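> model the structure of this input:
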Amino acid sequence: MTKRLAPIYRRCLGRVWETIYKDRIAAAVAAPDDPESKQMLRVQRSAQHLADHFEEYPMLLFSFVQYDPTGGSIFPATWSAMLAARAEGVGTALTSVFHFEVEPVLDILGVPNDEGWLFSSCVTFGYPTGRWGVAPRRPVHEVAFRNRWGTGLGYEIPEPLWTPAR
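Residues are numbered from 1 along each chain as shown. As a prediction, the model looks like this:
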């Protein structure tokens, strides 16, 4: 099954690079020493690695919803599965790029086409290679707002509130 899904996944990710992230990747390539460019290029390399090795992942979790195009009803369960895997030393990556070519994916997976099932996400599970740790994140006060877009939270959390396991 993954051998049939992998080329679809690679085409879908290619469309992401050619459309949604085209300008950001071009800017990153033009200024590779800029910290934001370095981060963008790291994200692209990581995502491309997933695509290039899609057939090798030991487990794929596909989540579906019934008549809920937002996917909001399934994401708590999907996230819980990802957290449980992390606790056991298993890495995960959630992706929804199959939306670009969802029909063949549904066919490959045998999803009934007359019961309102909608693809929500695919999560790859595998044992990490290389460094394994807390991913760098922008502080919450830089990416979240209070009551209205653009309004500060009223507090800052500049670093994680937990001590990363060593």
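> break this protein into its domains for me.
2-132, 137-166 (automatic domain parsing).
> average pLDDT for the last one, rounded please.
Along domain 137-166, the predicted local confidence has a mean pLDDT of 80.
> repeat that for stretch 2-18.
So the average pLDDT for stretch 2-18 ends up being 95.
> distance between that stretch and the chain's centre?
Between the centre of stretch 2-18 and the centre of its host chain there is 14 Å, according to C-alpha atoms, centre = their mean, to the nearest Å.
> and what of stretch 143-163?
With C-alpha atoms, centre = their mean, you get 22 Å for stretch 143-163.
> can you check stretch 142-159 too?
23 Å.
> can I get it in PDB? Just the C-alpha atoms.
Extracted in PDB, the C-alpha atoms of stretch 142-159 (Å, rounded to 0.1, in the frame of the first residue of the first chain):
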ATOM      1  CA  GLU A 142       4.800  35.900  19.300                       C
ATOM      2  CA  VAL A 143       2.300  33.500  17.600                       C
ATOM      3  CA  ALA A 144      -0.900  33.900  19.700                       C
ATOM      4  CA  PHE A 145      -3.300  36.800  20.400                       C
ATOM      5  CA  ARG A 146      -5.800  37.600  23.100                       C
ATOM      6  CA  ASN A 147      -9.400  38.400  22.300                       C
ATOM      7  CA  ARG A 148      -8.600  40.000  18.900                       C
ATOM      8  CA  TRP A 149      -6.000  39.500  16.100                       C
ATOM      9  CA  GLY A 150      -2.900  41.500  16.800                       C
ATOM     10  CA  THR A 151      -3.600  42.100  20.500                       C
ATOM     11  CA  GLY A 152      -0.900  40.900  22.900                       C
ATOM     12  CA  LEU A 153      -1.600  38.000  25.300                       C
ATOM     13  CA  GLY A 154      -0.700  40.100  28.300                       C
ATOM     14  CA  TYR A 155       2.100  37.700  29.300                       C
ATOM     15  CA  GLU A 156       5.200  36.100  27.900                       C
ATOM     16  CA  ILE A 157       6.500  32.600  28.000                       C
ATOM     17  CA  PRO A 158       9.900  32.900  26.400                       C
ATOM     18  CA  GLU A 159      10.900  29.200  26.700                       C
END
